[in-house]
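Visitor: any chance you could fold what I've pasted below:
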Amino acid sequence: MNRFFNYGVEAIDVIQFDAEITTDAMTFRRARREVQLTGRGGTNFGPVLAYLEEHRDYDGLIIYTDGYAPCPPPPQNRRTRILWLFVSEKHYRSCYPKLQHLGQGAYLKRSAREMPVI
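Guide: This next block holds a predicted model:
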């Protein structure tokens, strides 16, 4: 996340979720050494896409996931582009095919995942 600020991104809102959204949106305007993670387990993408419907002013949404969750219906808000960012190539290959109609997909290489900064 911190590298986005090197490319002119002024602010990033972080929303943590598992089966539901677990924190209020946190707005970051500069790089952070650490971010406290909440949730984990029982993933459901529906609440995040519902949040997107209610907050249509976002340019993009990056969902960092292992991908193991039911495929949600497409959001009506098609203005906001979605990137599915998977924790590994294995998860990408296994889970992205069912989500590709909702947005682009990518995965983190092992060396990138070992970095403690999100």
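Visitor: show the average pLDDT along stretch 12-27.
Guide: Taken as a whole, stretch 12-27 has a mean pLDDT of 90.
Visitor: start and end of it, how far apart?
Guide: Stretch 12-27 has its terminal residues 6 Å apart, counting by CA to CA, to the nearest Å.
Visitor: the strands in the protein, which residues?
Guide: Applying DSSP state E to the chain gives strands spanning 12-14, 26-28, 60-65, 81-86, 104-107.
Visitor: in CSV, list these along with distance to residue 42 and mean neighbour count.
Guide: Glycine gets a C-beta too; all of them are placed from N, C-alpha and C. Formatted as CSV, the strands of the chain follow (distance: least, CB to CB, whole Å; neighbours: other CB atoms under 10 Å):
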stretch, distance to residue 42, mean neighbour count
strand 12-14, 19, 16
strand 26-28, 21, 13
strand 60-65, 12, 17
strand 81-86, 18, 18
strand 104-107, 22, 16
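Visitor: would you turn those strands into CSV with distance to residue 72?
Guide: Formatted as CSV, those follow (distance: least, CB to CB, whole Å):
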stretch, distance to residue 72
strand 12-14, 20
strand 26-28, 23
strand 60-65, 10
strand 81-86, 10
strand 104-107, 15
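Visitor: closest one to residue 44 among these?
Guide: Smallest distance to residue 44 across these (CB to CB): 10.8 Å, for strand 60-65.
Visitor: now the closest one, how far from the chain's geometric center?
Guide: 2 Å (CA atoms, centre = their mean, to the nearest Å).
Visitor: what lies in contact with it?
Guide: 43, 45, 48, 52, 80-87, 91, 95, 103, 118 (CB atoms under 8 Å, 6 or more residues apart in numbering).
Visitor: quick one: strands adjacent to that strand?
Guide: Strand 60-65 pairs in its sheet with strand 81-86 (parallel), by DSSP bridges.
Visitor: just the C-alphas of the strand it pairs with, formatted as CSV.
Guide: C-alpha atoms of strand 81-86 as CSV (Å, rounded to 0.1, in the frame of the first residue of the first chain):
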residue,chain,number,x,y,z
ARG,A,81,-12.9,-0.6,-11.3
ILE,A,82,-12.0,-3.7,-9.2
LEU,A,83,-8.6,-5.4,-8.9
TRP,A,84,-8.6,-8.8,-7.2
LEU,A,85,-5.2,-9.1,-5.6
PHE,A,86,-4.5,-12.7,-4.5
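Visitor: fine by me, we can end here.
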